[in-house]
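Student: below is the sequence, then the predicted model.
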Amino acid sequence: MIKLGDFQYDPRDSLGRGQFGSVYRGSFITKPSKYVAIKFIENSRDTPLSFVLKREISVLTALRHPNIVRLYAYYIDEKRTGVYLIMEMCNGGDLSTYLSVKRSLSVNSVRLILRQVAHAMNEMSKLKVIHRDLKPANILLCHCKHCGKQATDLPTEEITFKIGDFGLARELKRNEKAATVCGSPVYMAPEVHLMKPYDSKADMWSLGTIIYECLTGKVPFFADSIFAMAELFQRHPAAKPPFPNGVDPRLSSLICSMLAVNPDERPDFGTLIEHPFLTDNASPKYVKSESSGVPTHQIGFNHKPMYNQNERTPKPVRHAKEDTVDVRIYRESNRIKASDIGFKDLIHAQKPKRVRSSSWGRNRTKPNEHRVSAVLFK
């Protein structure tokens with residue numbers, strides 16, 4: 001067992017490995033039954049420690065919200081071999097896995113998920129933080145670990161949904177917009193595909209895509225490459241996805257507003273959380289279907305389910321080739337899922353409590369204990 005300050009982990013208990021390091025299941029030393037996720041980020045020639053620290057430890061220290069995965073502490077190995085991030089463990093996997101089993105969700109389940117994620121995103125928007133990689137795999141699930149059930153066996157009401165993986169997140173200054181093309185193509189906003197400046201409205205599009213997928217089991221727009229997606233949005237700036245019969249028109253209208261190709265027509269997160277669909281506890285039943293009236297094959301709707309109807313595993317989604325978008329994005333997203341609790345980039349660091357090195361001496365460590373510099377967060 002390897003000790004890191006107040007935490008410990010067994011290197012054999014691995015949750016996964018990504019381009020920048022490995023994730024392990026750990027626990028509090030004083031309370032072994034309370035698990036944490038420990039990510040070790042390696043200091044290599046390709047990913048120097050200064051770069052990783054800048055990417056990893058700037059945002060979550062300020063983001064304290066029940067629907068955002070928490071960072072407890074981080075430790076810097078004094079041999080400069082890497083950094084350990086100690087994070088909240090989410091025991092229910094991710095929304096992508098949940099949807100692969102459930103296929104599609106009820107309107108009320110969609111409301112519960114959207115309400116939680118929207119409030120977390122609103123907190124981020126207050127701090128001018130954009131996520132830039134919202135997708136089902138980056139929404140983690142937590143539930144009562146003592147119930148003896150998997151998250152996929154539980155109703156949505158018994159699950160807490162948390163935003164994770166802030167590897168592409170960044171803080172925007174006042175009136176500033178981002179320009180880097182990054183994210184997962186299926187969930188990227190039109191302005192990102194078209195290489196235009198963007199802000200939190202791009203996250204609004206991504207969330208709209210996720211909610212549409214929760215409702216229907218498929219993404220609203222799909223093309224074979226990032227360039228084809230860009231062409232789709234250029235040719236059909238007023239495109240709207242079709243909805244199944246019986247959907248609450250307030251929900252379909254809300255999703256359409258979130259998926260407006262023009263970002264100026266999308267709501268902000270402060271407006272979203274006040275929407276009647278989210279403030280109501282239940283929706284009446286409706287039977288009228290709503291669509292744009294444009295044949296779906298003409299505007300690139302993905303009318304095929306994301307998941308095989310006879311299987312419990314997701315169908316692979318075709319993305320653009322690695323050379324069309326930041327290669328690091330694809331390598332990271334394909335090798336390690338958000339359910340492995342991987343994070344990067346956090347902002348507005350509150351002044352942390354610094355812990356002095358062990359009294360065992362400058363060059364000595366206790367058995368099975370790594371010598372590290374620690375930063376803890378209350």
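Tutor: Yes, it's here. Numbers count the residues shown, from 1 in each chain.
Student: contacting residues around the helix or strand containing Met121?
Tutor: If you go by DSSP states H and E, Met121 is part of helix 107-126. Contact with helix 107-126 is made by 63, 65, 67-68, 95, 105, 130-131, 139, 155-157, 160-163, 200, 203-204, 207, 210-211, 214-215, 247-248, 251, 268-270, 272-273, 277-278, 280, 282-283, as judged by CB atoms under 8 Å, 6 or more residues apart in numbering. All C-beta atoms are positioned from the backbone trio N, CA, C, and that covers glycine.
Student: where does pLDDT dip in the stretch 1-150 of the chain?
Tutor: Applying pLDDT under 70 to the stretch 1-150 of the chain flags the ranges 18-20, 44-56, 80, 145-146.
Student: show me where it has strands.
Tutor: Here the stretch 1-150 of the chain has its strands, by DSSP state E, counting those that start in this stretch, at 2-4, 7-17, 21-28, 35-42, 71-77, 82-88, 129-130, 139-142.
Student: what helices or strands is the shortest one leaning on?
Tutor: I take that to be strand 129-130. Contact here means 3 or more CB pairs under 8 Å, 6 or more residues apart in numbering; DSSP states H and E; on that basis strand 129-130 packs against strand 170-171, helix 200-216.
Student: quick one: strands adjacent to it?
Tutor: Strand 129-130 has its sheet partners listed here by DSSP bridges as strand 170-171 (antiparallel).
Student: related to what we said a few turns ago, list the buried residues of the helix holding Met121.
Tutor: Buried residues in helix 107-126, counting neighbours by 16 or more other CB atoms under 10 Å, are found at 107, 109-125.
Student: also stretch 154-174?
Tutor: 154, 156, 159, 161-172.
Student: tell me which of those is nearest to Met188?
Tutor: The nearest member of the buried residues of stretch 154-174 to Met188, counting by CB to CB, is Leu168 at 10.9 Å.
Student: once you drop chain neighbours, what's closest to Leu272?
Tutor: Nearest residue to Leu272 in three dimensions, chain neighbours excluded: Ala118, at 5.0 Å (CB to CB, 6 or more residues apart in numbering).
Student: show me the contacts of helix 107-126 that map onto helices.
Tutor: Secondary structure from DSSP state H places 95, 200, 203-204, 207, 210-211, 214-215, 251, 269-270, 272, 277-278 of the contacts of helix 107-126 in helices.
Student: name the nearest of these relative to Gly26.
Tutor: Looking across the ones in helices among the contacts of helix 107-126 and measuring by CB to CB, the closest to Gly26 is Leu95, at 23.7 Å.
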